[in-house]
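> got a predicted structure here, sequence first:
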Amino acid sequence: MTDTALLPTRSVPPRQLAWLRSEVADWTSRGIISPDQAERISRHYSAADHARFSVGRVLLYLGSGFVGIGLIWLVAANLDQLSPVARFVAVTVLWLAFLAGGELLATRRASRPLVGAARLLAALGMGAVLFQAAQSLQVPAFEPRLLGLWAVGALLHGYAVRAHAPFIVGLLVGVAWWFVQPLWDEQNGLAVVVLFGAAAVLAAGLAVLHDGRLDDFAWAWRTVAAAMALLSLFVAAIPDIGGDGLAWSPWLVVALAAAGVAAAAAAVVARGVRALEPAGAVLVLVIATLLGLWSTGSDTSDVDASDWLHAAVSVAAYVVLAVALVALGTVREHTALTWMAMGGLVVFTTFQSFAVFAPIVTGAWLFVVLGTVFLGSGFLFDRARRELVQALDTDTPDSSNGAPR
């Protein structure tokens with residue numbers, strides 16, 4: 001048996017630690033474990049600093065954000081008082097100072113908010129360096145490739161030091177680049193649908209690949225996957241969004257290929273139900289594309305049976321996706337997915353009701369129809385949540401015989 005004295009101390013949220021101590025005390029009083037075992041269990045857990053929304057933390061991150069954005073703004077303002085080389089050197093020195101300062105603070109075990117603020121400054125400062133370099137080389141500041149380089153650099157920084165601030169910056173900038181680059185030459189409605197769906201597949205695959213390795217990063221990738229899936233079906237349900245067909249581009253092909261590689265890698269690595277996440281995202285991509293290709297016309301004053309059917313299928317698909325995200329949020333203990341699913345369903349159904357149903361079902365009847373949809377969706381949400389909680393609660397004794405279920 002492993003000597004518990006050799007095990008490292010694990011930091012847990014204060015509320016979880018309080019629950020553990022009360023349970024250990026209860027087990028000890030009932031004779032399930034000895035006082036010595038209770039002491040050894042408690043010794044290996046300590047309270048972690050999880051005050052994510054403390055005033056100091058918020059002010060530090062706000063300050064870092066303002067300074068970082070200010071640097072980029074200064075670059076955009078051209079800083080005519082300095083030569084291009086002087087501007088580049090000044091911005092680079094600031095970026096390197098923030099980068100080195102953040103890691104120095106981390107090695108000296110400074111407070112996590114302070115370290116995070118310095119790393120956030122470094123991630124934003126990297127963008128300033130890239131834009132200033134582009135400006136010096138006569139590259140347009142609005143060139144999408146600059147966003148891509150910034151995203152790659154910030155993500156590499158985040159992964160190298162296992163830091164959330166640069167990772168989130170890279171993730172957000174990367175999402176922006178994902179859409180701007182393929183649509184740079186030609187804007188196409190169906191391409192937007194495909195890009196949203198492909199982003200969901202890519203993020204879902206990466207979330208599964210991160211599980212058990214970098215759980216915090218997996219949480220972020222899973223959140224992005226859910227948001228992209230909801231947006232994909234939302235945009236696909238807009239009447240005549242794909243009337244012009246799909247405009248292919250090299251970058252769109254690259255996006256689909258990247259999504260396919262991530263899904264395939266997740267399918268190889270994943271075990272059990274985890275493999276369903278990227279598969280579900282692929283299904284969302286396919287359904288959204290088919291809905292986008294289903295052209296019914298955009299004249300809301302002339303709604304026919306095809307418009308009704310398109311709207312009904314869109315609502316049904318969106319409800320199924322929302323329920324699936326509630327199930328995933330319950331299984332993964334990811335409450336953000338549940339709130340995203342419910343909020344997305346409300347916005348989507350309201351949009352569909354007023355955009356498609358309003359020309360026929362007007363006035364009070366429109367709200368009756370809308371309320372009926374919400375009631376039905378709410379019933380499905382609640383039923384799915386209850387059944388999942390019961391299925392996952394395998395440690396609750398059965399009341400009839402006292403045996404575990």
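Structure received. Quantities reported herein were computed from a predicted structural model and do not represent experimental measurements. Numbering: from 1, shown residues only.
> going by C-alpha atoms from here, please, whenever you check contacts or count neighbours.
OK.
> so, low pLDDT: which residues of this protein?
Of all residues in the chain, those with pLDDT under 70 make up the ranges 1-15, 47-82, 110-111, 139-141, 243, 272-273, 296-304, 307, 352-405.
> now the helices for it?
Per DSSP state H, the chain has helices spanning 14-29, 35-43, 55-76, 84-107, 112-136, 144-161, 164-180, 189-210, 215-236, 250-269, 276-293, 305-332, 335-352, 363-392. These are given in chain order.
> with mean neighbour count and distance to residue 244 added, can I get those helices in CSV?
Listed next are those as CSV, based on neighbours: other C-alpha atoms under 10 Å; distance: least, C-alpha to C-alpha, whole Å:
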stretch, mean neighbour count, distance to residue 244
helix 14-29, 14, 54
helix 35-43, 14, 64
helix 55-76, 17, 36
helix 84-107, 17, 44
helix 112-136, 24, 35
helix 144-161, 19, 24
helix 164-180, 21, 18
helix 189-210, 27, 8
helix 215-236, 23, 13
helix 250-269, 17, 16
helix 276-293, 22, 9
helix 305-332, 19, 18
helix 335-352, 18, 21
helix 363-392, 14, 31
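> okay, residue 183 and residue 254: tell me how far apart.
The spacing between residue 183 and residue 254, counted by C-alpha to C-alpha, to the nearest Å, is 13 Å.
> endpoint to endpoint, stretch 294-309 covers what distance?
The separation between the terminal residues of stretch 294-309, taken as C-alpha to C-alpha, is 11 Å.
> domain map for the protein?
Following the assignment in automatic domain parsing, the chain carries domains at 4-47, 51-181, 187-392.
> who's in contact with the closest residue to residue 207 other than its chain neighbours?
By the measure of C-alpha to C-alpha, 6 or more residues apart in numbering, the closest residue to residue 207 outside its immediate chain neighbours is residue 218, 4.3 Å from it. If a contact means C-alpha atoms under 8 Å, 6 or more residues apart in numbering, then residue 218 has 206, 207, 208, 209, 210, 211 as its contacts.
> distance of residue 218 relative to residue 164?
For residue 218, the distance to residue 164 under the criterion C-alpha to C-alpha works out to 11 Å.
> do the same with residue 171
Using C-alpha to C-alpha, one obtains 10 Å as the distance from residue 171 to residue 164.
> do residue 277 as well
23 Å.
> and if you look at residue 346?
With distances taken as C-alpha to C-alpha, residue 346 is found 31 Å from residue 164.
> for residue 348, same thing?
As judged by C-alpha to C-alpha, residue 348 and residue 164 stand 31 Å apart.
> same check, this time on residue 156
As defined by C-alpha to C-alpha, residue 156 lies at a distance of 12 Å from residue 164.
> with residue 217 instead?
According to C-alpha to C-alpha, residue 217 and residue 164 sit 8 Å apart.
> skipping adjacent residues, who's closest to residue 101 in space?
Excluding the flanking residues, the one nearest residue 101 by C-alpha to C-alpha, 6+ apart is residue 118, at 6.8 Å.
> from memory residue 198 sits against residue 262, does it?
No - Residue 198 lies out of contact with residue 262 (C-alpha atoms under 8 Å); the separation is 10.3 Å.
> quick one: end-to-end length of stretch 106-115, please.
The straight-line separation of the ends of stretch 106-115 (C-alpha to C-alpha) is 6 Å.
> CA atoms only for stretch 206-215, dumped as PDB, please.
The C-alpha coordinates for stretch 206-215 follow below in PDB (Å, rounded to 0.1, in the frame of the first residue of the first chain):
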ATOM      1  CA  LEU A 206      -9.400  19.300 -28.500                       C
ATOM      2  CA  ALA A 207     -11.500  19.200 -25.400                       C
ATOM      3  CA  VAL A 208     -11.500  15.400 -25.400                       C
ATOM      4  CA  LEU A 209      -7.800  15.400 -26.000                       C
ATOM      5  CA  HIS A 210      -7.200  17.700 -23.100                       C
ATOM      6  CA  ASP A 211      -9.300  15.700 -20.600                       C
ATOM      7  CA  GLY A 212      -7.200  14.300 -17.800                       C
ATOM      8  CA  ARG A 213      -4.200  16.300 -18.900                       C
ATOM      9  CA  LEU A 214      -5.200  20.000 -18.800                       C
ATOM     10  CA  ASP A 215      -8.700  20.000 -17.400                       C
END
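> now do the contacts for the residue nearest to residue 201 when sequence neighbours are not counted.
For residue 201, ignoring the flanking residues on the chain, the nearest one in space by C-alpha to C-alpha, 6+ apart is residue 281 at 4.9 Å. When the contact criterion is C-alpha under 8 Å, 6+ apart, the partners of residue 281 are 197, 200, 201, 204, 225, 229.
> one more time with 10 Å, if that's ok
Residue 281 makes contacts with 197-205, 225-226, 228-229, 259, 263, 287, 321, as judged by C-alpha atoms under 10 Å, 6 or more residues apart in numbering.
> likewise for residue 210?
Residue 210 is in contact with 204, 216, 217, 218, 219, 221, 222, 266, counting by C-alpha under 10 Å, 6+ apart.
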